[in-house]
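Visitor: got a structure for you, letters missing:
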């Protein structure tokens, strides 16, 4: 008797609110309806007063999005292959230079608005 063909289970890296990608390297099997690996990145601050939060896991939907406001950046990246969400950053990761430039532009804008 032939056994039924079963679909391959997706495996993604998983973590919740980690401050480093090193804490996000635990593989998990996704559920039957979870067809995407998702990485969420949030970064805020200036220079040494900055921080980041990385979350990874499985998802039934693919909510790709991103925003960069200079002193804060957030992005959601999804993919659909075995352990594809290994990177801690995705397309919108804030760099210290971009954060500093955003603050500088904000100060210039505020100073000019007072004149």
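Guide: Happy to help now that I have it. Note that this is a predicted model, so its numbers are computed, not measured.

Visitor: Doesn't residue 22 lie inside a helix?
Guide: Yes - counting by DSSP: H, G, I helix; E, B strand; the rest coil, residue 22 is part of a helix.

Visitor: Within its local environment, how many residues does it see?
Guide: Using other C-beta atoms under 10 Å, the number of residues around residue 22 comes to 10. (C-beta placed from N, C-alpha, C; glycine too.)

Visitor: Repeat that for residue 74.
Guide: Other residues close to residue 74 by other C-beta under 10 Å number 18.

Visitor: Please identify the helix or strand for it.
Guide: Counting by DSSP states H and E, the element that carries residue 74 is strand 72-79.

Visitor: Check residue 12 too.
Guide: strand 11-18.

Visitor: quick one: contacts of that strand?
Guide: By C-beta atoms under 8 Å, 6 or more residues apart in numbering, the surrounding residues in contact with strand 11-18 are 23-30, 37-38, 53-58, 82-86.

Visitor: Among these, name the buried ones.
Guide: By neighbour count, with 16 or more other C-beta atoms under 10 Å, the contacts of strand 11-18 hold 24, 28, 30, 37-38, 54-58, 84-85 as buried.
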